[in-house]
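In: let me see the structure of the following:
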Amino acid sequence: MKPVFSEKSLGIDIREKSISLTLLGKKLRAIEVLAEQTITIKTLTGKDEKAEKHFLNKVNHFITEHNAWPESVVVSLPRGYVTFKTFELPAPDLESAQSMVAFELERQFSSGLEDLYYTFQLTPKAGNIFHITSAAIKKEIANYYLDLIRKLNLTPTILDVSTFANVNLGLSQDIENSPSVWALADISPEALDIALIKNNVIEFSRNLNWSKPAIKALNSKESSNPAQLESLSAEITKTLIDELQQALSSCRSIEDNELVGHIFLTGGGVLTPYIMQQLEKETEVSTTALHSPEQVKTLESSPSSLTLTSLGLGLREIKKQNIETNLLPKNLRPKRKKVNLQVTLALAATVVLLLAGWFVNRVVYTNKALSTLDTQLNEIKGQVTSLEKIDLEYEALKNYVDILTTINKQYPDKLPVLDELSHSLPRNTWLTNLKVNKDKIEIKGYSPVASNLIPILEKSEIFKETSFVGTIISETAGEKFTIHAHLEPASGK
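Out: Sure, this is the predicted structure:
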């Protein structure tokens, strides 16, 4: 028996030269990782069609292989495209602080907010001071990536930041002695992302572009030379210590006498244990690898920390998080209602009880009616024996009618469907395959603009719940599509 999930969520972590995907399923009291994968890609610039096609094909393969059509799609873009700002805002109360944030963000982001997608997290501090953690990205860059995601028939519900996803994971884990200040380092072949957290609030974040292709090479091998691992780890550790020291000196919210009590590492793959050991030795600060929350059931083949950020993204919509930000403006967010599972189950139980009572009542009533009819029928048969032939003929005819009805349901008439398609579809659209099965239909073909077909078919009286299957593929003959729909009898025809 297949497990039943109340909700599915897909986390998509896009980096400069890789993309990580994690599909999560939520049950009543548990969250499971259903599938995860890290895919190597070329840098997406909007000018390389082969790179975009490779990206779409790889992600589409993951989606179709794992039937990953979730209710929630949470995406993060390369951290280097995101501008990160933290500042303190004095205000008399929370409502006033919220109304003042937009004006202060205009000052913080010198380029202006009209060309940016932005978000912020507001945290009250002592003395009518509010801490603001904000992030922004250019609309042009964000829309390019979002359009790529939509070509996969996925609708992004949240545009997040990888730093926020990783910090949320860090806040979900137990740290010995619970230090007030701790750090997080996200290590990838292209960049190093550092965040400083104080009292569960992000005080500072910095992204450093570097080139460490050796990290990618080592993570792609099953075994590596220990001497090579030690050497590269020592180089990364030195850079990491320098950047942490610079971050601490740049962060005005952390005093000189306050020490970092813990360091989390993620993204390093096979290098993580070596970096942990060397970092603890050099700094004398406890260091651990970031891992998934205890309540999340992971796959046995989980590839260390390579998909942790996408897991953190996937958790956004199915579990309450400390940092809940969204770079998508409200007009781009899909309208969806969160389902309260407990209320739904209670209502379902009530409906079942009502139906059971109604069914019992109908059974009793039907039995009484049948008993009366049987008595009358026996009296009539006793008086008119010739009616037995009529009964036999009636039963035979009824069997024939049942057979014809079953055949009509299993093999519906295709002519009305073909007639409706010929009147609905544009003349520049042609079909290569038509499959009609009971109350469902699947059509394949080519059209110059395939995305226009769904609204056209939805206007028909016999096509309902029309949707694309898989990805729209551009070819010489046009856009190749596959459409699935439910059939309903056309009224008045």
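In: stretch 113-122: how far from the chain's middle?
Out: 22 Å (Cα atoms, centre = their mean, to the nearest Å).
In: now it - C-alpha only, PDB.
Out: Backbone C-alpha positions of stretch 113-122 (Å, rounded to 0.1, in the frame of the first residue of the first chain) are rendered in PDB as follows:
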ATOM      1  CA  LEU A 113      13.100  49.300  -4.500                       C
ATOM      2  CA  GLU A 114      11.200  49.700  -7.800                       C
ATOM      3  CA  ASP A 115      13.600  47.400  -9.600                       C
ATOM      4  CA  LEU A 116      14.000  44.900  -6.800                       C
ATOM      5  CA  TYR A 117      12.100  42.000  -5.200                       C
ATOM      6  CA  TYR A 118      12.800  42.400  -1.500                       C
ATOM      7  CA  THR A 119      11.800  40.800   1.800                       C
ATOM      8  CA  PHE A 120      12.600  41.300   5.500                       C
ATOM      9  CA  GLN A 121      12.400  39.700   9.000                       C
ATOM     10  CA  LEU A 122      11.500  42.100  11.900                       C
END
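In: what sits closest to K151 if chain neighbours are left out?
Out: Taking Cβ to Cβ, 6 or more residues apart in numbering, and ignoring the residues beside it in sequence, K151 has L56 as its nearest neighbour in space, at 6.0 Å. Every C-beta, even on glycine, is put in place using the N, C-alpha and C of the backbone.
In: show me what contacts that neighbour?
Out: 148, 151-152, 471 (Cβ atoms under 8 Å, 6 or more residues apart in numbering).
In: now, which of those residues lie within helices?
Out: Those of those mapping onto helices are L148, per DSSP state H.
In: who does the helix or strand where I194 lies pair up with?
Out: Using DSSP states H and E, I194 maps to strand 191-198. The pairing partners recorded for strand 191-198 under DSSP bridges are strand 181-187 (antiparallel), strand 201-209 (antiparallel).
In: quick one: T366 is in a helix?
Out: Yes - membership of T366 in a helix is supported by DSSP: H, G, I helix; E, B strand; the rest coil.
In: what count of nearby residues applies to it?
Out: Using other Cβ atoms under 10 Å, T366 has 10 other residues around it.
In: beyond the helix or strand bottoming out on mean pLDDT in the chain, next helix or strand please.
Out: Ranked by mean pLDDT, DSSP states H and E, the weakest helix or strand in the chain is helix 387-410, scoring a mean of 68. Proceeding N to C from helix 387-410, the next assigned helix or strand is helix 415-424, under DSSP H and E.
In: buried ones in that next one, by neighbour count?
Out: Going by neighbour count (16 or more other Cβ atoms under 10 Å), the buried part of helix 415-424 is 417, 420-421, 424.
In: nearest to K335, of the residues you listed?
Out: S424 (27.5 Å; Cβ to Cβ).
In: and that closest one, what does it touch?
Out: Each residue near S424 by Cβ under 8 Å, 6+ apart is listed here: 456-457, 459-460, 463.
In: how far away is it from Q173?
Out: Using Cβ to Cβ, to the nearest Å, we find S424 at a distance of 55 Å from Q173.
In: swap in P455?
Out: P455 is 47 Å from Q173, where distance means Cβ to Cβ.
In: these two - which one has more neighbours?
Out: Remark: of P455 and Q173, Q173 carries more neighbours, 14 against 9, as counted by other Cβ under 10 Å.
In: the helices in the stretch 301-450 of the chain, which residues?
Out: 308-314, 341-383, 387-410, 415-424 (DSSP state H, counting those that start in this stretch).
In: most tightly surrounded among those?
Out: helix 308-314 (a mean of 30; mean count of other Cβ atoms under 10 Å).
In: any idea how far it is from the chain center?
Out: 10 Å.
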